[in-house]
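Asker: Sharing a model that was predicted from the sequence below.
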Amino acid sequence: MSTVLVTGFERYGTTPVNPAEQVARALHGEAIGDTRIVGCVVPSLYWKCIETVKAAIEEVGPRLVILLGEYGGRSMITVERVATNFNDATRYGLADNAGTAPQDEATVPGGAVAYYATAPLRAMVKAMREAGIPADISDTAATLMCNHLMYGVLHHVAEKRLDISIGWIHLPHLPEVAALLHNLVNPSMALETSLAGVRAAIKAALDHPRDITDPVRSRFQI
C-alpha cells in the first residue's frame, strides 16, 4: 500500500485553532483506494518545522506530500504554485511560537531562489470545484512560515532527488476563529468543507501523475 503524508501546522500567531492541524488529524488513518493517509502535526517553529517534515518523509516513505496551512482572509481553498527562499515575518507582525521572526533571511542560504510545487495543481483545483468546494491556484504563499516550510521541503526533495510529489494547500479560517473580534471581517470555512476539499485534492493528485492541461479559469489575483 502506498502512502500520502499530510502535514498541518499547530496553533500559530493569532489563530487559537488551526484548520491545518484539524484536517491533518482527521485524515490520519483514512485510505483513498489502496493509498493510506498519514497525518502529521508540525510545530509552528521556523526551521524546526522543516526538520519535522523531513523526518516524517524518511519514516513514512510517501509518494505524495500535501502540506497544509491557514491563510486568514482568503475565502476559499488555495493551492500554492511557488515557494521562495525568503522570510519576512516582521512585515506581518507575526513571530513563531518561540518568538522567532526572521526578516530578510533565507530559508536555505545559497539555495535556489524558488521552487515550483510538483503536485498537479490544475487537477486538484478542478476536482475541488467539481465537488462544490471553492478553490483556486495562488501564486504567492507570502513570506511567513507556510512559504518557509514549503520551500524547505521542496529543497529537500530536489537535493535528495526523491520521487515524491509535493503540494501546498492553504485553508481559510475556521468559523470559530473568524468569529473572534480581531478576525470579524475575515471569511471562514467549516472543517467538514475543508476536509472534503483536501480529500478531493488528494485523490486528484493521486489520479494525475502529470497535471491536466485544461485551463483553470480564475478571478483570484494572487
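Answerer: Thanks, I have it.
Asker: got the buried residues for the one helix or strand G152 maps to?
Answerer: Assigned by DSSP states H and E, G152 belongs to helix 145-160. Within helix 145-160, the residues that count as buried by 16 or more other Cβ atoms under 10 Å are 145-157. (Each C-beta comes from the backbone N, C-alpha and C, glycine too.)
Asker: and what of stretch 3-16?
Answerer: Under 16+ other Cβ under 10 Å, the buried positions of stretch 3-16 are 4-10, 12-13, 15.
Asker: State the pLDDT value of the closest residue to H182 other than its chain neighbours.
Answerer: In this structure, H182 finds its nearest non-sequential neighbour in T14, 6.2 Å apart by Cβ to Cβ, 6 or more residues apart in numbering. At T14, the model reports a pLDDT of 85.
Asker: Contacts only, for T14.
Answerer: 72, 94, 180, 182-183 (Cβ atoms under 8 Å, 6 or more residues apart in numbering).
Asker: about what we covered before: need the mean per-residue confidence for the helix holding G152.
Answerer: Rounded mean pLDDT across helix 145-160 is 98.
Asker: so what's the backbone phi/psi at the residue of the chain positioned farthest from its centre?
Answerer: In the chain, L181 marks the outermost C-alpha relative to the chain mean, sitting 25.8 Å out by Cα atoms, centre = their mean. Note on L181: backbone dihedrals following degrees, to the nearest 10 are phi -50, psi -40.
Asker: check contacts around it.
Answerer: Applying Cβ under 8 Å, 6+ apart, no residues qualify as near L181.
Asker: Offset the numbering so it begins at 37, please.
Answerer: I'll keep to 37 as the first residue from here, and by that count the last item is L217.
Asker: For it, give me the pLDDT.
Answerer: 95.
Asker: how far away is it from Y48?
Answerer: Here L217 is placed at a distance of 18 Å from Y48 (Cβ to Cβ, to the nearest Å).
Asker: can you pull out the helices in this protein?
Answerer: Taking DSSP state H, the helices of the chain run over residues 55-63, 84-96, 157-166, 181-196, 211-214, 227-243.
Asker: So for D124, which of those sits nearest?
Answerer: Judged by Cβ to Cβ, the one of these that comes nearest to D124 is helix 181-196, at 9.5 Å.
Asker: Alright, that wraps it up for me.
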